[in-house]
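# Below is the sequence, then the predicted model.
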Amino acid sequence: MVKGSCLCGAVTFDVDGDFPPPSACHCSQCRKQSGHFWASSYVPYDRLRITRAEGLAWYSASDIARRGFCRNCGSFLFWKCSGEGTTSFSMGALAAPTGAKLGRHIFVADKGDYYDLADGLPQSDQ
């Protein structure tokens, strides 16, 4: 089990069991909400347990997904796609050690022009 939280501690969560290698999302929505690209992994709904939700708020950034964040400190924590049974969670919110290694880059067609991707990981335009 890995534990995670927002910056101020008003939202805490547990991830039960293994999770896939994280993806770095370079889409404009993730970049705007996180301030750079957003690294996340995901688990089925029943394997992510929110243990403190005092600051948790949700924002529907599009018709297909909503984003969970702390309304107190602004930490971007979760992403849920409508119709999927999983929740993505921020790798940056997890307490170390996670044992995880970044696995791929997604939405690289939208990435910022101020950085390069030269780590050799797989990349997809979408």
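Now that the structure is in, tell me what you want to look at.
# Next, the distance between the ends of stretch 91-107.
Taking CA to CA, to the nearest Å, stretch 91-107 runs 18 Å from one end to the other.
# Distance from that stretch to the middle of the chain?
Averaging C-alpha positions (CA atoms, centre = their mean, to the nearest Å) puts stretch 91-107 9 Å from its chain's average.
# And for stretch 20-33?
Distance, centroid of stretch 20-33 to centroid of chain: 7 Å (CA atoms, centre = their mean).
# mean confidence score for that stretch?
The predicted model assigns stretch 20-33 a mean pLDDT of 95.
# Using PDB, write out every CA atom in it.
Only the C-alpha atoms of stretch 20-33 are listed here, as PDB (Å, rounded to 0.1, in the frame of the first residue of the first chain):
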ATOM      1  CA  PRO A  20       1.000   0.300 -13.900                       C
ATOM      2  CA  PRO A  21       4.100   2.300 -14.700                       C
ATOM      3  CA  PRO A  22       3.200   6.000 -14.600                       C
ATOM      4  CA  SER A  23       2.600   8.100 -17.700                       C
ATOM      5  CA  ALA A  24       3.600  11.700 -18.200                       C
ATOM      6  CA  CYS A  25       0.700  13.600 -19.800                       C
ATOM      7  CA  HIS A  26       1.700  16.600 -21.800                       C
ATOM      8  CA  CYS A  27      -1.900  17.700 -22.800                       C
ATOM      9  CA  SER A  28      -2.700  21.400 -22.400                       C
ATOM     10  CA  GLN A  29      -5.200  20.700 -19.600                       C
ATOM     11  CA  CYS A  30      -2.800  18.700 -17.500                       C
ATOM     12  CA  ARG A  31       0.000  21.300 -18.100                       C
ATOM     13  CA  LYS A  32      -2.300  24.200 -17.100                       C
ATOM     14  CA  GLN A  33      -3.600  22.500 -14.000                       C
END
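# Good, wrapping up.
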